[in-house]
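K.L.:
this is a predicted model, with the sequence first.
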Amino acid sequence: MKKHNFYAGPSILSQYTIKNTADAIIDFAGTGLSILEVSHRSKEFVAVIEEARKLVKELLEIPQGYTVLFLGGGASLQFCMVPFNILKKKAAYLETGTWAVNAIKEAKIFGEVDVVGSSKDENFCYIPKGYTIPSDADYFHYTSNNTIYGTEIRKDPDSPVPLVSDMSSDIFSRPVDVSKYDIIYAGAQKNLAPAGVTIVIVKDDILGHVDRPIPTMLDYRTHIKKDTMFNTPPVLPVFSALQTLRWYKEQGGVKELEKHDLAKASKLYDAIDSSRMFVGTVKNPEDRSIMNVCFVMKPEYAELEKEFIDYASTKGIVGIKGHRSVGGFRASLYNALPMESVEVLVSAMKEFEAKH
């Protein structure tokens, strides 16, 4: 039975990425060695990381003055690397979910944190509006997509201070005006590659202005000087990332990917909104994520939640159980997920509703 993978991360990858990675595990670039055992200093792998960095710049139209890094530690390490490198006295943060909360916690170690807006009062089911970013903040940080709660900020905000964003779960799903940002970071395991590598896009001139000593590995300048090869990078995830980036280019780039993502999300949200059994957890359409669609059973059908998950599994649908902190269902519609999978899920929802 064909599987329809809606897991939130690690998540679905294109067959192009999976096949090419599998082939390289047997024989990488005709070396007779596996990608799992090849030296990261070999000319074959140096070519991989150079092309991957080039494609990130091309697909996101990154201007001059920025460096693309491939680092370990996941986005969670960036929660402390960002303030370590650029927080002098005070930072401004938008609190929109679990990962934003974790980022705020880390930043407080290094200085004052002004939480300019929060949706915690309603379990993060909306994006705060009307907040003011203090002009004396060293930077403003926001999480663009909230995987657990299904909210997303799809427009690049205007900020009077340097702008930082965690784009782990929606990078490459829409065009981004990188010139507005000073740091963008994204864990790979949503829209790019297996877990283990993190993309960091950093504006070079934002660095070097804090007085504190920074440990070598946590200093962005260390990795910039060594072309993101200061230490052994996560070789396999970087190779897989390159395959995904090539596939994105073949698909027509980020604008084309966005069209497909919007169409998938629209089909699923329409099914939820017209349902007598299911209801979305994010009421405001402009706050809804096109990457992670969160919904629940209406109260009168709540006892059927597990039964629906079991029913969906008979159709090959996996990964739709909501995060343990919110319950319900979550369908992650990352770039590699085909429209066919959304259609199968929508059909399953309608069939189950008709049965009950």
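P.N.:
Arrived safely, thanks for sending. Residues are numbered from 1 along each chain as shown.

K.L.:
quick one: low-confidence parts of the stretch 1-150 of the chain?
P.N.:
Along the stretch 1-150 of the chain, the model assigns pLDDT under 70 to no residue.

K.L.:
can you give me the strands for it?
P.N.:
4-5, 66-71, 90-95, 112-118, 140-143, 145-146 (DSSP state E, counting those that start in this stretch).

K.L.:
pick the most buried one from the ones you listed.
P.N.:
Of all the strands of the stretch 1-150 of the chain, strand 145-146 carries the top mean neighbour count, a mean of 28, counting by mean count of other Cβ atoms under 10 Å. All C-beta spots, glycine's among them, are computed from the backbone N, C-alpha and C.

K.L.:
against which helices or strands is it packed?
P.N.:
Judged by 3 or more Cβ pairs under 8 Å, 6 or more residues apart in numbering; DSSP states H and E, strand 145-146 is in contact with helix 98-107, strand 151-152.

K.L.:
so for the helix or strand that comes right after the last one, mean pLDDT?
P.N.:
Using DSSP states H and E, the next helix or strand after strand 151-152 towards the C-terminus is strand 163-166. Confidence over strand 163-166 (mean pLDDT, whole number) is 98.

K.L.:
buried ones in stretch 256-268?
P.N.:
Judged by neighbour count using 16 or more other Cβ atoms under 10 Å, the buried positions of stretch 256-268 are Leu257, Glu258, His260, Asp261, Lys264, Ala265, Leu268.

K.L.:
and stretch 287-302, by the same measure?
P.N.:
Those would be Asp287, Arg288, Ser289, Ile290, Met291, Asn292, Val293, Cys294, Phe295, Val296, Met297, Tyr301, for stretch 287-302 by 16+ other Cβ under 10 Å.

K.L.:
check contacts around the fifth one.
P.N.:
It stands for Met291. Contacts here follow Cβ atoms under 8 Å, 6 or more residues apart in numbering; on that basis Met291 touches 145, 147, 152, 169-170, 173, 190-191, 261, 265, 332-334.

K.L.:
and those, which of them are in strands?
P.N.:
In strands, judged by DSSP state E, the following of those are found: Asn145, Glu152, Ser332.

K.L.:
can you tell me which of these is nearest Ala100?
P.N.:
The closest of the ones in strands among the contacts of Met291 to Ala100 turns out to be Asn145 (Cβ to Cβ; 10.8 Å).

K.L.:
leaving out chain neighbours, which residue sits closest to the closest one?
P.N.:
Asp170 (3.8 Å; Cβ to Cβ, 6 or more residues apart in numbering).

K.L.:
so the one you found sits against Ser144, correct?
P.N.:
Yes: between Asp170 and Ser144 there is a contact at 5.5 Å, judged by Cβ atoms under 8 Å.

K.L.:
what is in contact with these two at once?
P.N.:
With Cβ under 8 Å, 6+ apart, Asp170 and Ser144 have common neighbours Glu152.

K.L.:
please name the residues that touch Leu236.
P.N.:
Thr21, Ile25, Ile35, Leu36, Pro194, Gly196.

K.L.:
can you give me the helices in the stretch 101-250 of the chain?
P.N.:
For the stretch 101-250 of the chain, the helices defined by DSSP state H, counting those that start in this stretch occupy 220-225, 235-250.

K.L.:
and the shortest one, what does it pack against?
P.N.:
Going back to what we said before, that points to helix 220-225. Helix 220-225 sits against strand 66-71, strand 198-203, with contacts defined as 3+ Cβ pairs under 8 Å, 6+ apart.

K.L.:
buried stuff in it?
P.N.:
Neighbour-count burial for helix 220-225 [16+ other Cβ under 10 Å]: Tyr220, Thr222, His223, Ile224.

K.L.:
just the mean pLDDT for that helix, thanks.
P.N.:
Helix 220-225 shows a mean pLDDT of 98 in the predicted model.

K.L.:
show me what that helix is in contact with.
P.N.:
Thr67, Leu69, Leu71, Met81, Asn85, Val200, Val202, Asp204, Leu207, Gly208, Thr216, Phe230.

K.L.:
distance between that helix and the chain's centre?
P.N.:
23 Å (Cα atoms, centre = their mean, to the nearest Å).

K.L.:
please shift the residue numbers so they start at 69 in all later answers.
P.N.:
I'll keep to 69 as the first residue from here, and by that count the last item is helix 288-293.
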